[in-house]
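*Asks:* only geometry, no sequence info:
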C-alpha cells in the first residue's frame, strides 16, 4: 500500500453506511435492489431508519423467464407489483418508480432529471446504487443508472445545480455502490439475510419457484454473504464501495 493511500485511509476514512438515517436505494430494474443490497435495506428498516426505494426502469423486456405470451406492457405491470411485494418483505413501504423502459431505450437526460427529482423529494443522506465501474458489467441500464446516481450524489447539495434538473437540493453525504468488485465497507446481515431471500422470491416472473435460476442466485448470495462476513467478522454481510464528500472529488487514490 502506497504512503498516500495509507494516509488517506486514516486521515479520510470512507463513511460507514450505518451512520446515516435517511437512505435512498436506487435500482435499475425491479429486483436489483433486493439482489444487491436487500439484506442491508432490511436491517436499516428494522433499525428505524428512513428507507426509500427508487426503481428507474420498468423491466418490460425481462422476458427470459416470464410466461410465454406475456406482452412487455403486461410484464412491466407484473414487475411493478413484484417490486412492491419485495420491498414490503424487507420492511420498506416507500417505493417510487420512474417508469422508463429498460433496454437502454430511454433518454439519459430524462433518467437524470427523474432521479434528481426523487432525490430532492426524499432528501437522503446516503444513496445506494449499482457500481458503474465494474469491468464485467455489460448491461447498459446498470451502467447508466449507476452513472446518473454518481453525478447526482455529488451535485445534490447544490440548490442552483439541482434547479437546472427541475429538482430540489438534498443533503447527500455519501454514495454506496452495491454489486461492486471492490467493497471498502460492510454491513452485517446475519439477522436479515433470510428476508433478502424472501424478497427475491417475490419476483416470480424472473425467478419462478423451484427454477434453476432461483437456486443459482440463492447459492451465489449465500456464498457472497459468507465471504463478506468473513472479511468483516460479521458472520454474514453485504459489501459496498462507499465514497463520502471527501472521496468524491480530487482524490484519485480513493478509487484504488
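*Replies:* Thanks, I have it. As the structure is a prediction and not an experimental result, all values here were calculated from the model. Numbers count the residues shown, from 1 in each chain.

*Asks:* Give me the nearest residue to residue 181, chain neighbours excluded.
*Replies:* residue 134 (5.5 Å; CB to CB, 6 or more residues apart in numbering). Every C-beta, even on glycine, is put in place using the N, C-alpha and C of the backbone.

*Asks:* In the stretch 151-256 of the chain, mark out all the strands, start to finish.
*Replies:* Counting by DSSP state E, counting those that start in this stretch, the stretch 151-256 of the chain has strands at residues 174-178, 185-188, 237-244.

*Asks:* so where is the stretch 151-256 of the chain shaky, pLDDT-wise?
*Replies:* 256 (pLDDT under 70).

*Asks:* Going along the chain, name the helices of it.
*Replies:* 159-164, 193-201, 212-232 (DSSP state H, counting those that start in this stretch).

*Asks:* Of all these, which one comes closest to residue 15?
*Replies:* helix 212-232 (15.4 Å; CB to CB).

*Asks:* Can you tell me which of the strands of the stretch 151-256 of the chain is most buried?
*Replies:* Among the strands of the stretch 151-256 of the chain, strand 174-178 has the highest mean neighbour count (mean count of other CB atoms under 10 Å), at a mean of 27.

*Asks:* any idea how far residue 207 is from residue 218?
*Replies:* 9 Å (CB to CB, to the nearest Å).

*Asks:* just to revisit the earlier point, now the strands of the stretch 151-256 of the chain in CSV, with distance to residue 194?
*Replies:* Shown next, in CSV, are these (distance: least, CB to CB, whole Å):
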stretch, distance to residue 194
strand 174-178, 19
strand 185-188, 14
strand 237-244, 14
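
*Asks:* Buried by neighbour count: which residues of stretch 16-28 qualify?
*Replies:* 16-18, 20, 22-28 (16 or more other CB atoms under 10 Å).

*Asks:* right, I mislabeled it, should have said stretch 124-140
*Replies:* 124-134, 137.

*Asks:* show me the contacts for residue 102.
*Replies:* Applying CB atoms under 8 Å, 6 or more residues apart in numbering, we find residue 102 in contact with 28-29, 57-62, 141.

*Asks:* For it, give me phi and psi.
*Replies:* phi -90, psi -170 (degrees, to the nearest 10).

*Asks:* swap in the one 5 residues further on?
*Replies:* Backbone torsions for residue 107, taken as degrees, to the nearest 10, come to phi -80, psi 120.

*Asks:* Report pLDDT for it.
*Replies:* pLDDT recorded at residue 107 is 96.

*Asks:* In helices, which of the buried residues of stretch 124-140 appear?
*Replies:* Using DSSP state H, no member of those sits in helices.

*Asks:* Just give me the closest of those residues to residue 203.
*Replies:* Among these, and counting by CB to CB, the member closest to residue 203 is residue 130, at 16.4 Å.

*Asks:* hang on, that closest one packs against residue 142?
*Replies:* Yes - the criterion here is CB atoms under 8 Å, and residue 130 meets it with residue 142 at 4.7 Å.

*Asks:* Mutual contacts of the two, please.
*Replies:* Contacts common to residue 130 and residue 142, judged by CB under 8 Å, 6+ apart, are 28, 32, 179.

*Asks:* residues in contact with the spatially closest residue to residue 50 that is not a sequence neighbour?
*Replies:* For residue 50, ignoring the flanking residues on the chain, the nearest one in space by CB to CB, 6+ apart is residue 22 at 4.6 Å. By CB under 8 Å, 6+ apart, the contact list for residue 22 reads 49-50, 122-126.

*Asks:* that older thread, look at residue 218 and residue 207 and report which has more neighbours.
*Replies:* The neighbour comparison of residue 218 against residue 207 (other CB atoms under 10 Å) goes to residue 207, with 22 against 15.

*Asks:* From residue 97, how far off is that one?
*Replies:* For residue 207 relative to residue 97 (CB to CB), the value is 20 Å.

*Asks:* what do you get for residue 87?
*Replies:* Distance from residue 87 to residue 97, by CB to CB: 11 Å.
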